[in-house]
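**Q** Structure for this input, please:
(one chain, ligands or ions: 2)
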Amino acid sequence: MTECLTISTESIAKAADLLRGGQLVAFPTETVYGLGADACDAAAVAAIFAAKQRPSFNPLISHVADQATAFSLGAETPLATALAAAFWPGPLTLILQRTPDCPIASLTSAGLDKIALRVPAHAGARALLAAFGGPVAAPSANPSGRISPSRAAHVMALMAGDIPLVLDGGACISGLESTVIDCTGDSAILLRPGGVTRSMVTKTLQAAGMAHDIMDAPPIGSGQSPISPGQLESHYAPQHPLRLNANRAEDGECFIGFGDSHSDGKTLNLSSSGDLVEAAANLFDMLHIADSRCKTGIAVAPVPQAGLGEAINDRLQRAAAPR
Ligand code: TXA
Ligand code: MG
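**A** Ligands and ions are numbered 1, 2, ... in the order given. Here you go, the predicted structure:
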């Protein structure tokens, strides 16, 4: 049963409790309704992908209460300082390098060492972030491939049954997702156009006396560095080659099992009980561990294609793709 509650002190407290318990909550932002989970809890984030029925793990935006929190999670750069000062809180998402102690789950950033951060302006979102006290990972609250929701009723129509609570904060002002800008280098790179326009960004950087040529994400297949994940064949690429549908490790390989046939306690196992949500939550961490442990390569057991298995296999295939 999905509850739909108007924003109030009580409903916000309830939502924050659900997030603390690893559950999902849909909440309003000024752009679209988000489907939120504790960004540091890999299992909760895996539940987002399950509810959205996303066939692949696109990296998610972590929503935070203020700039200080954002820059404790993602490394501040001069570009980020200027853009955050101008547009936060608001419909702008900055891509930054993870800080060394960043507690955000690797599934939230789909295994990347860059994370997406946004300080939303909507009063309901801000109240939720304040009550919860940590970063909230949230994609738009619609099943994959469906239209983004700009009203609580849209979320109820699309997702009821999958989530315990929808916070109703009325219609979103913008209805258009946030602008996404990679600020990790010397020039801003526009990864997704949105509410904050190109000319607004240019003017801000110009006024701050900074390089203000905004680069566009390189087109797919251009051979330039991969910064626009999701669309790319090999976006999370381990150092070592990855072998799919393996049932044991060859010499020099590190094995990642799935299900009870591989649960000896020492071998890495995505989920010894065969739980796909648990497997999704473990996927990127185990790929990192296996990549550092192995000598020649990583061998991964077959994962069923059902439910979240589709997204898990999508990522495994990309990681195994020739590069
Ligand atoms: O307005 C919005 O941004 C809404 C509300 C809920 O905040 N959220 C949203 O999330 O649109 P989603 O998951 O639909 O879009 C996230 C975007 C994708 O284009 C994704 O590729 C990009 O952010 N992104 C996330 N993490 C990234 C990363 N580490 N590097 C590059 N791009 C990233
Ligand atoms: Mg979306």
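**Q** contacts and neighbour counts: CA atoms only from here.
**A** Will do.
**Q** Give me the below-cutoff pLDDT ranges for the protein.
**A** The model of the chain has pLDDT under 70 over residues 218-236, 261-265, 323.
**Q** now with 80?
**A** 145, 174-175, 211-212, 217-237, 260-266, 322-323 (pLDDT under 80).
**Q** longest helix in it, by residue count?
**A** As assigned by DSSP state H, the longest helix anywhere in the chain is helix 276-293.
**Q** Run me through the strand neighbours of the helix or strand just after it, direction for each.
**A** For helix 276-293, the following helix or strand on the C-terminal side (DSSP states H and E) is strand 297-300. Within its sheet, strand 297-300 is paired with strand 242-243 (parallel), strand 253-257 (parallel), according to DSSP bridges.
**Q** which residues sit in contact with residue 109?
**A** Shown in contact with residue 109 (C-alpha atoms under 8 Å, 6 or more residues apart in numbering): 58-61, 115-116.
**Q** what about 6 Å?
**A** Residue 109 is in contact with 59-60, 115, counting by C-alpha atoms under 6 Å, 6 or more residues apart in numbering.
**Q** Most tightly packed of the strands paired with strand 297-300?
**A** strand 253-257 (a mean of 26; mean count of other C-alpha atoms under 10 Å).
**Q** ok, and the closest non-adjacent residue to the spatially most central residue of the chain?
**A** The chain has residue 60 as the residue nearest its centroid, 1.8 Å off, counting by C-alpha atoms, centre = their mean. Counting by C-alpha to C-alpha, 6 or more residues apart in numbering, residue 108 is the residue found nearest to residue 60 once chain neighbours are left out, at 5.4 Å.
**Q** What is the burial count for the one you found?
**A** Residues contacting residue 108 under the criterion other C-alpha atoms under 10 Å number 32.
**Q** what's near enough to touch residue 203?
**A** Contacts of residue 203 (C-alpha under 6 Å, 6+ apart): none.
**Q** Which residue lies closest in space to residue 51, excluding its sequence neighbours?
**A** Per C-alpha to C-alpha, 6+ apart, closest to residue 51 is residue 162, 5.9 Å.
**Q** gap between that neighbour and residue 243?
**A** Separation of residue 162 from residue 243 (C-alpha to C-alpha, to the nearest Å) stands at 34 Å.
**Q** do the same with residue 177
**A** 37 Å.
**Q** now swap in residue 59 and tell me
**A** 23 Å.
**Q** same thing with residue 276?
**A** 20 Å.
**Q** Which of the strands paired with strand 297-300 sits closest to residue 2?
**A** strand 253-257 (35.0 Å; C-alpha to C-alpha).
**Q** And that closest one, how far out from the chain middle?
**A** Remark: strand 253-257 is offset 26 Å from the chain centroid, using C-alpha atoms, centre = their mean, to the nearest Å.
**Q** before we move on, what about stretch 85-93?
**A** So, by C-alpha atoms, centre = their mean, the centroid of stretch 85-93 is 18 Å from its chain's centroid.
**Q** do the same with stretch 70-89
**A** On the basis of C-alpha atoms, centre = their mean, stretch 70-89 sits 18 Å off its chain's mean C-alpha point.
**Q** now do stretch 271-291
**A** Its chain's average C-alpha position is 16 Å from that of stretch 271-291, according to C-alpha atoms, centre = their mean.
**Q** Which parts of the chain are helices?
**A** 9-20, 42-52, 67-73, 78-87, 123-132, 152-159, 198-207, 276-293, 309-320.
**Q** out of these, deepest packed?
**A** Mean neighbour counts for those (mean count of other C-alpha under 10 Å) peak at helix 42-52, with a mean of 24.
**Q** Could you tell me the angle between that helix and helix 309-320?
**A** Per axes from the mean of the first three to the mean of the last three C-alpha atoms, to 10 degrees, the angle that helix 42-52 makes with helix 309-320 is 110 degrees.
**Q** Let me know whether helix 42-52 sits next to ligand 1.
**A** No. Under the criterion of C-alpha under 6 Å from any ligand atom, helix 42-52 makes no contact with ligand 1; the nearest approach is 10.0 Å.
**Q** Just list what that helix packs against, helices and strands only.
**A** If you count contacts as 3 or more C-alpha pairs under 6 Å, 6 or more residues apart in numbering; DSSP states H and E, helix 42-52 packs onto helix 276-293.
**Q** got a list of what residue 300 touches?
**A** Residues in contact with residue 300 (C-alpha under 6 Å, 6+ apart) are 244-246, 255-256.
**Q** any idea how far it lies from ligand 1?
**A** In this view, residue 300 and ligand 1 are 24 Å apart by C-alpha to the nearest ligand atom, to the nearest Å.
**Q** Ok, residue 32 next?
**A** For residue 32, the distance to ligand 1 - C-alpha to the nearest ligand atom - is 5 Å.
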